[in-house]
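Q: build me a model from this:
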Amino acid sequence: MILKQKQADQRREFELAGDILKLKYATWGEVKEWTVNLENIGENIVYQSATRRKVAIISLFLSVFLLFLTISLFMSDDFNGNLPIVIGAYVICGGLMALGWFLPLKKEIHLVGGTVNVTFYQDSPTKEETDYFVNEVIRRSKKLLVEKYGKVDPDLPEDTMMGQFSWLKNRNLISEETYENLKQEYKRKRMINRLL
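A: Numbering: from 1, shown residues only. Next up, the predicted model:
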């Protein structure tokens with residue numbers, strides 16, 4: 001399963017392959033590739049998005065500046081001599097305002113809570129595809145953890161096994177009922193091993 005994302009000059013590619021997540025981040029001048037074990041990825045989702053409030057405030061100040069500049073130059077004696085300055089100010093300020101309004105906003109999804117945090121663009125290619133992929137990463141990560149730490153091994157010390165089961169329950173990876181069933185199964189297998 002692959003998710004390809006892009007935002008401005010940045011590209012991100014994620015591939016779920018077995019129990020690992022392959023990541024590739026590319027920008028105009030750099031490419032980074034690495035893999036992460038799914039068991040190291042957290043299942044908590046943090047949504048982060050930016051607003052254009054700062055852009056609006058800066059645009060307002062630039063507009064007021066341009067207005068005062070124009071009025072003061074109209075009132076000056078040498079308006080035609082200062083015309084290139086006015087035109088230059090309009091071009092620079094207009095360019096800065098346009099840049100602020102047309103650059104993409106930061107809208108990201110962060111998977112946190114594990115030893116590794118992973119960041120996705122929220123709306124690339126679509127919100128639905130990104131949400132589906134993120135939920136699949138979480139589902140596979142949880143399944144892997146339950147399979148690894150929820151396996152009953154009567155040869156391990158009781159403290160170790162109960163600690164693993166408690167850890168799974170405390171992270172809400174297993175239910176209270178499954179937790180109790182695992183404890184009983186461990187005790188039953190442990191008793192059978194002692195009798196043999």
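Q: list the helices and strands the worst-scoring helix or strand of the chain on mean pLDDT packs on?
A: In the chain, no helix or strand scores lower on mean pLDDT, DSSP states H and E than helix 79-102, which sits at a mean of 83. Counting contacts by 3 or more CB pairs under 8 Å, 6 or more residues apart in numbering; DSSP states H and E, helix 79-102 is packed against helix 53-75. Placement of C-beta: from N, CA and C, glycine included.
Q: can you pull the buried residues of the helix it packs on?
A: Val55, Ser59, Leu62, Leu66, Leu69, Leu73 (16 or more other CB atoms under 10 Å).
Q: which one of these is nearest to Ser166?
A: Nearest to Ser166 among the buried residues of helix 53-75, counting by CB to CB, is Val55 at 49.1 Å.
Q: the residue located most distally from the centre of the chain: what's it in contact with?
A: Within the chain, the residue lying farthest from the chain centre (CA atoms, centre = their mean) is Asp77, at 57.1 Å. By CB atoms under 8 Å, 6 or more residues apart in numbering, the contact list for Asp77 is empty.
Q: in a strand, it, correct?
A: No: using DSSP: H, G, I helix; E, B strand; the rest coil, the assignment for Asp77 is coil, not a strand.
Q: quick check, pLDDT for Glu129.
A: Note for Glu129: predicted pLDDT of 94.
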